[in-house]
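1. fold the following for me, if possible:
(2 chains, ligands or ions: 5)
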Amino acid sequence: MAKGRVSIVVERCKACGFCVEFCPSHVLALSSTFNSKGYHPPHAVHPEKCSGCDLCGMYCPDFAICATKTDAPKKADPAKEGDK
Amino acid sequence: MTDCLNTDLLDDPLGDDRLNTDLLDNSISVENPVERFLRSDRMPHIWCPGCGIGTTVNSFARALIESKIDLGSLALVSGIGCTGRVAGYVKLDSFHTTHGRAIPFATGLKLANPKLNVVVYSGDGDLSAIGGNHLIHAARRNIDLKVICVNNLIYAMTGGQTAPTTPDHSTTSTNPYGVFEPSFNLPHLVEAAGAVYVARWTTFHVRQLARSISEAFKKKGFSFIEVISPCPTLYQRRNKMGDALDAMKFYKEKSKIRHGAPTSEVGMTMTGEIIVGKFVDRERPDYQTMMKAQYTESLGERFVEPTEMVCS
Ligand SMILES: Cc1ncc(C[n+]2csc(CCOP(=O)(O)OP(=O)(O)O)c2C)c(N)n1
Ligand code: SF4
Ligand code: SF4
Ligand code: SF4
Ligand SMILES: [Mg+2]
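-> Numbers count the residues shown, from 1 in each chain, chains lettered A, B, ... in the order given. Ligands and ions are numbered 1, 2, ... in the order given. I've put the predicted structure just below:
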């Protein structure tokens, strides 16, 4: 299972390609789809390889992409159960 | 929250390489760490595709998170220029001042309210040309400011004129036959003037930049961080240097990390190597400490420390 999850705000992207180029796990590629400004936003072609390192998020000059680590499912914490 | 892939507006005339929407499981939301520091209503910003300024803001945001800075005691001051726009995009107490006057404005803030963490975020032209005198004197006085200088080697906002940082031999709108004047080596300039912390990174070095900004927050005194940043529109295009991604690959290839390098050796050329790293990290009493010591010595009991000024 992927250790991370990447998310893209398509309408903010200006297709600079930084995220695609510098993703260490080669998760991303620019898509052929256009956003409303005519740019090709990236998409995850290998989502299963995402480590959640968020380097894509640090590089993106348009604050359009970011990622987070997906935690392995934890055992329910009885102390916190009551809060739900 | 702007956390999901918005597919409503998407059109896919080519049919291949479609956006992979299988990933859209909105039960897991991904919040961009930079978002809480942005005025999201002003997005998308005006910076060109691949402009490095936004990338520096990501590192700045990570540094704010890492250093657990109290945002109530933080002020960010910019001058004028593409970089100066940062002040308008961050959801912090920020001031977009006049051209070249970010440092004097920030100095006033710091003197009036010494508890503030004052960041100056501006361009190479703003800080080292029209504002060059303020830069050297703030360093000499060791005023406790954190200066982030986005150096795109040009006056970008006004059309790509030669800046004091523009490398020899490059072509600009004001030097169509090539720049022939020597450029400033900013780390060397500010070290000579007295800065206590001096580092240089490029927009390729996002994590190192974040770390340097965090370190600067721990210093008391004049800290200067130079970030070499792509301006595909007004610097690279005229010099046939490709797009922003080409600049990033160039930085990756040409950068050499040399912590502690003598700043006299870190001058930049148009196509040569870029020495990056932390060059200076030293201690020296800052302006307000020196002022207090002097007044206490001269006036003794009669010296009353000014109280913090709070605007209501
Ligand atoms: C007093 C004054 N002189 C000149 C200008 C025009 N001006 C605006 S931005 C700028 C240069 C900005 O260069 P830099 O600080 O490097 O910022 P960049 O746009 O490259 O980020 C100039 C000359 C001005 N706004 N005010
Ligand atoms: S989080 Fe890391 S691995 Fe995942 S897409 Fe972004 S850069 Fe690639
Ligand atoms: S880094 Fe940002 S703007 Fe550039 S292609 Fe990726 S998502 Fe788009
Ligand atoms: S002109 Fe240059 S510095 Fe200004 S927004 Fe465009 S790329 Fe950035
Ligand atoms: Mg500039």
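2. now do the contacts for residue B:161.
-> Residue B:161 makes contacts with B:154-155, B:172-174, as judged by Cβ atoms under 8 Å, 6 or more residues apart in numbering or on different chains. C-beta here means a position set from N, CA and C on the backbone, and glycine is covered the same way.
3. cutoff 6 Å now
-> Listed by Cβ atoms under 6 Å, 6 or more residues apart in numbering or on different chains, the contact partners of residue B:161 are B:155, B:172-174.
4. chain A: which of those is nearest?
-> Chain A has its nearest neighbour among the contacts of residue B:161 in residue B:155, at 19.6 Å by Cβ to the nearest Cβ.
5. residues contacting the closest one?
-> Taking Cβ under 6 Å, 6+ apart, we find residue B:155 in contact with B:125, B:161, B:163.
6. nearest to ligand 1, out of the residues you listed: which one, please.
-> The closest of these to ligand 1 turns out to be residue B:125 (Cβ to the nearest ligand atom; 2.9 Å).
7. near the one residue in chain A that gets nearest to ligand 5, how many other residues are there?
-> Nearest to ligand 5 in chain A, going by Cβ to the ion, is residue A:61, at a distance of 15.3 Å. Using other Cβ atoms under 10 Å in any protein chain shown, residue A:61 has 26 neighbouring residues.
8. what about it, distance to residue B:226?
-> 18 Å (Cβ to Cβ, to the nearest Å).
9. same thing with residue B:257?
-> Applying Cβ to Cβ to residue B:257 and residue B:226 gives a distance of 14 Å.
10. what's the answer for residue B:130, then?
-> 17 Å.
11. more crowded one of those two?
-> residue B:226 (28 against 18).
12. return, as residue ranges, the portions of chain A with sub-threshold pLDDT.
-> Along chain A, segments meeting pLDDT under 70 span A:72-84.
13. residues from it in reach of ligand 2?
-> With Cβ under 6 Å from any ligand atom as the criterion, chain A meets ligand 2 at residues A:4, A:6, A:23, A:25, A:27-28, A:50-56, A:67.
14. closest one of those residues to residue B:95?
-> Set against residue B:95, the nearest of the residues of chain A next to ligand 2 by Cβ to Cβ is residue A:54 (29.9 Å).
15. do a quick rundown of the helices in chain B.
-> For chain B, applying DSSP state H gives helices covering B:53-66, B:86-89, B:102-112, B:124-125, B:132-141, B:186-193, B:206-218, B:244-254, B:287-299.
16. of all those, which one is nearest ligand 2?
-> helix B:206-218 (10.9 Å).
17. residue B:196: neighbouring residues, count only.
-> Residues near residue B:196, counting by other Cβ under 10 Å, number 23.
18. want to throw the residues of chain A next to ligand 2 into JSON lines with neighbour count, distance to ligand 4 and secondary structure?
-> Converted to JSON lines, the residues of chain A next to ligand 2 look like this (neighbours: other Cβ atoms under 10 Å in any protein chain shown; distance: Cβ to the nearest ligand atom, whole Å; DSSP: H, G, I helix; E, B strand; the rest coil):
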{"residue": "A:4", "neighbour count": "19", "distance to ligand 4": "29", "secondary structure": "strand"}
{"residue": "A:6", "neighbour count": "27", "distance to ligand 4": "25", "secondary structure": "strand"}
{"residue": "A:23", "neighbour count": "24", "distance to ligand 4": "23", "secondary structure": "coil"}
{"residue": "A:25", "neighbour count": "17", "distance to ligand 4": "28", "secondary structure": "coil"}
{"residue": "A:27", "neighbour count": "24", "distance to ligand 4": "26", "secondary structure": "coil"}
{"residue": "A:28", "neighbour count": "27", "distance to ligand 4": "22", "secondary structure": "strand"}
{"residue": "A:50", "neighbour count": "24", "distance to ligand 4": "29", "secondary structure": "coil"}
{"residue": "A:51", "neighbour count": "16", "distance to ligand 4": "30", "secondary structure": "coil"}
{"residue": "A:52", "neighbour count": "19", "distance to ligand 4": "29", "secondary structure": "coil"}
{"residue": "A:53", "neighbour count": "18", "distance to ligand 4": "26", "secondary structure": "coil"}
{"residue": "A:54", "neighbour count": "23", "distance to ligand 4": "23", "secondary structure": "coil"}
{"residue": "A:55", "neighbour count": "18", "distance to ligand 4": "21", "secondary structure": "helix"}
{"residue": "A:56", "neighbour count": "28", "distance to ligand 4": "20", "secondary structure": "helix"}
{"residue": "A:67", "neighbour count": "28", "distance to ligand 4": "25", "secondary structure": "strand"}
